[in-house]
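**Q** any chance you could fold what I've pasted below:
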Amino acid sequence: MLQQPFQTSFDLGNDRIVTIETGRLARQADGAVTVRQGNCILLATVCANKEPKEGQDFFPLSVDYQEKFASAGRIPGSFFKREGRLSDYEILVSRLIDRALRPLFPEDYLCDVQVLITLISSDPEVMPDSLACLAASAALAVSNIPIKEIISEVRVARVNGTMIVNPSRTELSSADMDFMIGATSKNLMMVEGESKQCSEEDFIKALEVAHDAIKIQITAQEELKQKVGVEGKRDYTKPASDESIQNTVYTYAKERVYSISKSASSKGDRTLAYDQLKKELIDSLGEEATPEQKKLAKKYFEDLKWEVVRDMIVDDRIRLDGRALDQVRPLDMEIDVLPTPHGSALFTRGETQSLTTITFGTPLDELLIESAAKSEYNKFILHYNFPAFSTGEVKPMRGPGRREVGHGNLALRSLKQMMPGSDYAYTVRVVSDILESNGSSSMATVCAGSLALMDAGVPVPKHVSGVAMGLITRPADGKYAILTDILGDEDHLGDMDFKVTGTRDGICGIQMDIKIDGLSMETMRQALEQARKGRLHILDAMYECVPSHRSEVKPHAPRMQKLFVDKEFIGAIIGPQGKIIQEIQRETGTTINIEEVGNQGEVSVFSPAKEGLDRAVAWIKGIVAIPEVGEEYESKVKSIMPYGAFVEFMPGKQGLLHISEVSWKRLENLDGILQEGDTVKVKLIGVDQKTGKYKLSRKVLIPKPDFNDGGSSENNK
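**A** Okay, the predicted model is just below:
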């Protein structure tokens, strides 16, 4: 018999009750909870090994979020009809949880930890990603796995000027701000989201609203923990340490680490100098040093670098490459660098470089994004690639990892704010290949992507740029330094990684990870203002490179034109069994896509050549045009009958040119006068009201002859 489960609840506002329960499901896990809002139910479990693996020198945390299709009463659309590898959406949610949870564990805790969050029941209006981190944290809270604090995570969206915590799916669809924020009861831990050019103060307001809501959720987790009766956390084996080895390393290398950090201007020179010093340090330990002591010496050497560089930046205001704290590295950018892609740009900032291309496609190229709750098509796609050579390393080529998915998503969310609306017929694919990397290749992707879109002729109204900020603090004396355009090493040793993208008028995207306690809102405001200045500096250079988008796509890019027709004409364009539309595409070399939009048909025509596009558009316009009595048309003879000729005077429209209307002379037949394939000018003289058949005449366009002179003035052909 199952034990009585423990529950606690809280209100998100407007009677939106969230219930956390433990003790009923997955009882063999170290911690397991369900989180429910409406019909949405998430199951979160956490398990941790009792001992670290031998030789382990890092914290192996794995977080996976997955949505079961059965949760929404659906069967997966894959060939195998079962859930497979995580989708990009599930990976992105997993990253949001991972980034918030990771700082909670003690720095000397090296045991494997696995956190699994599964959507087991779906509600069409409840966004499960905004509850997933709450579920993961609650599972940790009711376990004996050592964590320093309890956290939670919420979504804050601004809808019609009002900040809403965990909005419904319908509300979110009309939001102009959308941020996911993770925090403890005291400190912010993680932020990611997008906005339609919001101000820095609007963003600060969203953080404050989110933190108030998170405190309520943390209180609920504390209540559940007390009901369960969790007493203390498990002991764990700490990594080996040796104070004498540490003192030896610091005494031998501290001054030289400072000298290298202060004088080496490039990443390569600095790495070589550090490696040489580390080798000399290990050699100085002598042959009697054990492998374990050498390993500890290497660890302490990395710790020393971390401390020395941080103190150098905070005390001397000197950065690794000699820049001022608020200085952006040298910029170099160029568009139209590749002849064949539909748009391209090369963006270089210091030792970070992105080569980005644009490809136009038709609606048939749209990306299907499938989740448990819904399936939708996306016509703006961005892919980010990070090959090993960009950092001078050797690694096997595999599919994109979670980092690539996350970085690409941040760039996509930023650039899509400037993309044209749904009436833009092209499917647009942006691909960023990182050729060099030393600090914020995702921000280089945003800048290169904006330049490439302009080069391709996509009607984006403004440039979007991005800059990565860093923060180094020293709680002992309250000193800190905010860094603009951080290097890779500064990212590693800093206390905050803060990426901000936007236009001259506001913020489009943010991604932030905070590794320290007690980041004040005033420090946040200062970082945002410094980021704004850095963003504007980069934007000025981008506008100098290309001030606006091309007036039209490049000559070799596919042409596109969109027509709107009455719904009743859709069948005429398609024809019986698709005969007409297939003929148009075959004869003109175009691709045609037709969709019903309200009471209209939306016809998108794509062609690699302008001539084919014009022919197809004229053909379609002819089909949907309404013939007018009295108008003249160039027609083509389709068939000859004893009583006249059937001619096509408009695309898809035929009429009878009666033998009596061919010539002013009386004709017995049309032999020698007309034959199939001939072009003949005719006039529409009437429409049979009962049958709708068109009556055409050729003779009315010919001067009536004077039969007294034998009719010599008429040309019968």
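**Q** use CA for all of it now, contacts and neighbours both
**A** Noted.
**Q** so E21: helix, strand or coil?
**A** Assigned by DSSP: H, G, I helix; E, B strand; the rest coil, the conformation of E21 is strand.
**Q** and the residue lying closest to it once chain neighbours are set aside, how far from T22?
**A** Distance criterion C-alpha to C-alpha, 6 or more residues apart in numbering; nearest residue to E21, sequence neighbours excluded, is Q7 at 4.4 Å. Distance of Q7 to T22, given as C-alpha to C-alpha, to the nearest Å: 7 Å.
**Q** can you check A452 too?
**A** Going from A452 to T22 by C-alpha to C-alpha gives 51 Å.
**Q** neighbour-wise, which of these two wins?
**A** Using other C-alpha atoms under 10 Å as the criterion, A452 and T22 rank with A452 on top: 30 against 26.
**Q** what's the neighbour count on the residue lying closest to T340 once chain neighbours are set aside?
**A** Of all residues not flanking T340 in the chain, H556 sits nearest, at 7.6 Å (C-alpha to C-alpha, 6+ apart). The number of residues packed near H556 is 13, by other C-alpha under 10 Å.
**Q** just to confirm, which helix or strand has the residue nearest to E21 in it?
**A** Per DSSP states H and E, Q7 falls inside strand 6-11.
**Q** which parts of that strand are buried?
**A** Using 16 or more other C-alpha atoms under 10 Å as the test for burial, strand 6-11 gives F6, Q7, T8, S9, F10.
**Q** returning to that earlier point: what sits against the residue nearest to E21?
**A** Counting by C-alpha atoms under 8 Å, 6 or more residues apart in numbering, Q7 makes contact with T19, I20, E21, T22, L224.
**Q** how close does the first one get to R155?
**A** To tie it back to what came earlier, the one meant is T19. 17 Å.
**Q** quick one: which of the two has more around it?
**A** The residue with more neighbours, out of T19 and R155, is R155; 26 against 17, by other C-alpha under 10 Å.
**Q** please name the bridge partners of that one.
**A** Beta-bridge partners recorded for R155 (DSSP bridges): M180.
**Q** that one and D178 touch, don't they?
**A** Yes. Counting by C-alpha atoms under 8 Å, R155 does reach D178; the two are 7.0 Å apart.
**Q** ok so, going back, and the residue nearest to T340, that one's in a strand?
**A** No. H556: not assigned to a strand; according to three-state DSSP it is coil.
**Q** contacting residues for it?
**A** Each residue near H556 by C-alpha under 8 Å, 6+ apart is listed here: T340, H342, P608, A609.
**Q** dump these into JSON lines; add distance to I514 and neighbour count as well.
**A** Below are the contacts of H556 laid out as JSON lines (distance: C-alpha to C-alpha, whole Å; neighbours: other C-alpha atoms under 10 Å):
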{"residue": "T340", "distance to I514": "42", "neighbour count": "13"}
{"residue": "H342", "distance to I514": "39", "neighbour count": "23"}
{"residue": "P608", "distance to I514": "49", "neighbour count": "16"}
{"residue": "A609", "distance to I514": "52", "neighbour count": "17"}
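**Q** surely Q353 is in a strand?
**A** Yes. Assigned with three-state DSSP, Q353 falls within a strand.
**Q** could you find the closest non-adjacent residue to it?
**A** Distances taken as C-alpha to C-alpha, 6+ apart place E436 nearest to Q353, at 4.9 Å, with adjacent residues excluded.
**Q** state the distance from the one you found to T356.
**A** Distance, E436 to T356, by C-alpha to C-alpha: 13 Å.
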